[in-house]
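In: I'll drop the sequence and a predicted model, then ask my questions.
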Amino acid sequence: MIEDIELLEIEKVIAKTILQGANAMYGSFLDITSGAQDRFEKEDWPEVQNALKKRIKIYDQHVKFVTYQLKLLLKNTKINNSLLINVKKAYESELLGFCRFDIAESFFNSVYCLIFSYQKIKEHRFFIKSQTKLEIKSYPQVTKKYYFSSGNYHNIFTNIISDYAFTLKWENKEKNISDIVTRLSIESSYEDSYIEMITEPFYRNKAAYLVGKISHNKKTIPLVIPILINNKKKLFVDTIITKSSDISIIFGFARSYFMVYAPIPHLIVGFLSTLMPQKTKAELYTSIGCQKHGKTELYREFYNHINSHDDKFIVAPGTKGMVMLVFTLPSYDFVFKLIRDKFAHQKQITKTTVKEKYKLVKEHDRVGRMADTQEYSNFLIPKNKFNKELLEQLLHDTSNIVKEVGDNLLIKHLYMERRMTPLNLYLSEESGKNIEKVIYDYGLAIKQLAAANIFPGDMLFKNFGLTRHNRVIFYDYDEISYMTEVNFREIPKTRTYEDELQSEPWFSVSDNDVFPEEFATFLLRNNEVKKIFVKHHPELLTTTYWKQLQKNILLGNFEDVFPYDERVRFNQN
């Protein structure tokens with residue numbers, strides 16, 4: 001082995017080993033993704049969830065394996081600055097013309113950071129900024145297909161739908177196409193235009209999505225066509241989505257990652273950015289399951305932001321967390337969540353448990369109701385970016401993971417999460433119809449989480465937030481559990497008058513016992529809010545409802561949760 005390395009510089013061997021690992025990782029990623037159509041058509045929803053978890057895990061598995069290889073390779077090698085810089089240069093040479101340079105750069109960073117501590121994490125040694133020049137202009141762009149029009153959209157959509165290689169039969173393809181054309185003709189006339197479609201369907205949960213755009217008079221109209229399976233095991237078009245804001249929700253941060261076969265992911269991301277220009281690269285890479293590169297892009301976006309803004313980090317608005325210390329930058333759309341050294345006495349959990357809960361959310365179907373997070377280690381931020389109050393809190397309340405290193409603050413572990421308006425703050429400032437709409441969505445969020453086998457645990461308003469689309473999202477995970485792990489009970493009737501006077505329950509209560517009839521007491525203290533909640537969601541206060549949901553989950557019956565308004569569905573019109 002040593003003789004072979006002498007013939008080829010060790011820097012090149014290291015670079016090739018890492019790139020081979022990146023290719024192997026993405027090959028496994030594509031293998032899992034390629035099974036999405038089969039899982040969808042077989043309606044194997046449990047396996048859909050298993051595949052999601054498996055695909056998320058393979059990245060770290062490959063990083064650990066390559067790291068192990070390199071440690072053996074470098075066992076008797078002196079590691080100095082020159083070697084590290086030359087390794088990066090050799091890797092950059094390997095990436096010239098490489099179509100997945102983006103994923104490969106992130107993989108390099110992951111391997112590097114796993115091997116070295118923060119002292120050796122320097123910008124010139126790994127890819128904080130992308131330095132790869134893409135030279136693959138001649139690479140065949142099989143990602144999309146064009147459909148040209150002379151005004152006959154019925155024929156065009158017949159060709160579009162027929163070009164996707166589904167093996168199930170259609171319930172009524174002609175009616176579906178007529179529904180599409182009718183919906184489009186209501187909105188505008190699209191003669192002398194053309195349609196571009198991504199050639200691979202996007203699969204997630206119980207649906208397949210055909211994604212494209214209509215180009216007309218130098219304007220771009222986004223196009224998403226959800227495909228579902230009915231109870232006859234046949235396909236049907238559920239609706240057509242043509243507004244960028246609605247498509248943004250479908251690709252939102254509160255939903256699980258799409259399965260779309262993307263050998264060259266940056267081409268898919270580039271196409272999606274034309275449909276949703278308000279979304280960043282980080283969001284779009286993450287939405288198609290490349291969440292590790294999404295993490296890289298988010299890191300890059302963050303540092304670009306703090307270098308171009310003068311505001312300072314502050315404690316995030318909202319109720320002080322008993323488990324997490326949360327801070328944000330007023331000009332930035334994310335919050336930073338750090339696990340406190342000590343928890344409030346009410347919280348009978350450990351730091352390990354908290355991390356496990358966040359991992360559970362990462363790998364689970366979030367049904368548009370739980371915020372995704374990106375987890376970072378050894379995060380450096382200049383100290384002068386923090387206000388005095390926050391800096392003191394960090395050094396006192398999170399001293400186990402925060403330390404001063406020169407002019408920087410080193411945070412050994414943190415989560416980044418999209419910033420939202422805390423629901424309790426919103427409700428304290430609003431009234432009337434605005435409150436009713438939000439309370440209705442709050443109850444709906446709880447129902448949809450439960451249908452996806454998630455019990456939020458602490459359902460206080462402070463643990464939910466509102467997105468810019470005014471959707472209610474759950475974001476406090478330290479008490480969540482699977483629905484199937486909860487024991488929903490009715491409060492036993494008192495035996496004696498003395499039982500009623502006791503401050504503590506006279507009956508035994510286990511850790512996993514939950515009493516739905518108590519929700520009104522703890523959650524609905526405001527009479528106006530209580531009236532609205534009971535009007536729309538009275539069943540949430542009954543044990544019968546929760547037990548039926550549990551039964552459905554155990555029988556493998558997963559409810560439909562649509563990432564668009566049900567009123568736009570064709571079969572609902």
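Out: Structure's in. What do you need?

In: can you confirm residue 437 is in a helix?
Out: Yes - under DSSP: H, G, I helix; E, B strand; the rest coil, residue 437 sits within a helix.

In: dump the residue contacts of the closest residue in space to residue 364 that isn't next to it in sequence.
Out: Sequence neighbours aside, residue 454 is the residue nearest to residue 364 in space, at 6.7 Å (criterion: Cβ to Cβ, 6 or more residues apart in numbering). To be clear about C-beta, it is placed using only N, CA and C from the backbone, and glycine gets the same treatment. Counting by Cβ atoms under 8 Å, 6 or more residues apart in numbering, residue 454 touches 364, 370, 480, 481, 482, 483.

In: Could you list the domains of the chain?
Out: 2-125, 144-304, 309-419, 423-571 (automatic domain parsing).

In: what about the nearest residue to residue 324 once chain neighbours are set aside, helix or strand, and which?
Out: Excluding the flanking residues, the one nearest residue 324 by Cβ to Cβ, 6+ apart is residue 337, at 4.7 Å. In this structure, residue 337 sits in strand 334-339 according to DSSP states H and E.

In: pLDDT weak spots in the chain?
Out: 1-8, 118-124, 131-142, 150-151, 186-192, 494-508, 572-573 (pLDDT under 70).

In: the longest helix in it is where?
Out: Identified as the longest helix of the chain according to DSSP state H is helix 45-73.

In: C-alpha coordinates for the following helix or strand past that helix, PDB please?
Out: Using DSSP H and E, the helix or strand that directly follows helix 45-73 along the chain is helix 81-95. Extracted in PDB, the C-alpha atoms of helix 81-95 (Å, rounded to 0.1, in the frame of the first residue of the first chain):
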ATOM      1  CA  ASN A  81      -1.000  22.800   6.800                       C
ATOM      2  CA  SER A  82       0.700  22.100   3.500                       C
ATOM      3  CA  LEU A  83      -0.700  18.600   3.300                       C
ATOM      4  CA  LEU A  84      -4.300  19.800   4.000                       C
ATOM      5  CA  ILE A  85      -4.100  22.600   1.400                       C
ATOM      6  CA  ASN A  86      -2.700  20.200  -1.200                       C
ATOM      7  CA  VAL A  87      -5.500  17.700  -0.500                       C
ATOM      8  CA  LYS A  88      -8.100  20.400  -1.200                       C
ATOM      9  CA  LYS A  89      -6.300  21.400  -4.400                       C
ATOM     10  CA  ALA A  90      -6.200  17.800  -5.500                       C
ATOM     11  CA  TYR A  91      -9.900  17.400  -4.800                       C
ATOM     12  CA  GLU A  92     -10.700  20.600  -6.700                       C
ATOM     13  CA  SER A  93      -8.800  19.100  -9.700                       C
ATOM     14  CA  GLU A  94     -10.900  16.000  -9.400                       C
ATOM     15  CA  LEU A  95     -14.100  18.100  -9.500                       C
END
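
In: Does anything pack onto the following helix or strand past helix 81-95? Which helices or strands?
Out: Using DSSP H and E, the next helix or strand after helix 81-95 towards the C-terminus is helix 101-115. Packing contacts for helix 101-115, counted by 3 or more Cβ pairs under 8 Å, 6 or more residues apart in numbering; DSSP states H and E, involve helix 10-34, helix 45-73, helix 81-95, helix 265-275, helix 291-306.

In: Give me the angle between helix 101-115 and helix 81-95.
Out: 150 degrees (axes from the mean of the first three to the mean of the last three Cα atoms, to 10 degrees).

In: Residue 198: what's it in contact with?
Out: Contacts for residue 198 were tallied using Cβ under 8 Å, 6+ apart; they are 143, 144, 210, 211, 212, 260, 268, 271.

In: Am I right that the fourth one is in a helix?
Out: This points to residue 211. No - Residue 211 is assigned strand when assessed by three-state DSSP, not a helix.

In: OK, contacts around it?
Out: Per Cβ under 8 Å, 6+ apart, neighbours of residue 211: 197, 198, 202, 223, 224, 271, 272, 275.

In: Where neighbours are concerned, which of those residues has the most?
Out: residue 272 (26 neighbours; other Cβ atoms under 10 Å).

In: thinking that residue is in contact with residue 284, fair?
Out: Yes - counting by Cβ atoms under 8 Å, residue 272 sits close enough to residue 284 to count as a contact (5.0 Å).

In: intersection of neighbour lists for those two?
Out: Shared contacts of residue 272 and residue 284, counting by Cβ under 8 Å, 6+ apart, come down to residue 251.

In: What is the neighbour count of residue 560?
Out: By other Cβ under 10 Å, the residues close to residue 560 number 12.

In: Not counting residues beside it along the chain, what's closest to it?
Out: Residue 560 sits nearest to residue 206 (Cβ to Cβ, 6+ apart), 6.3 Å away.
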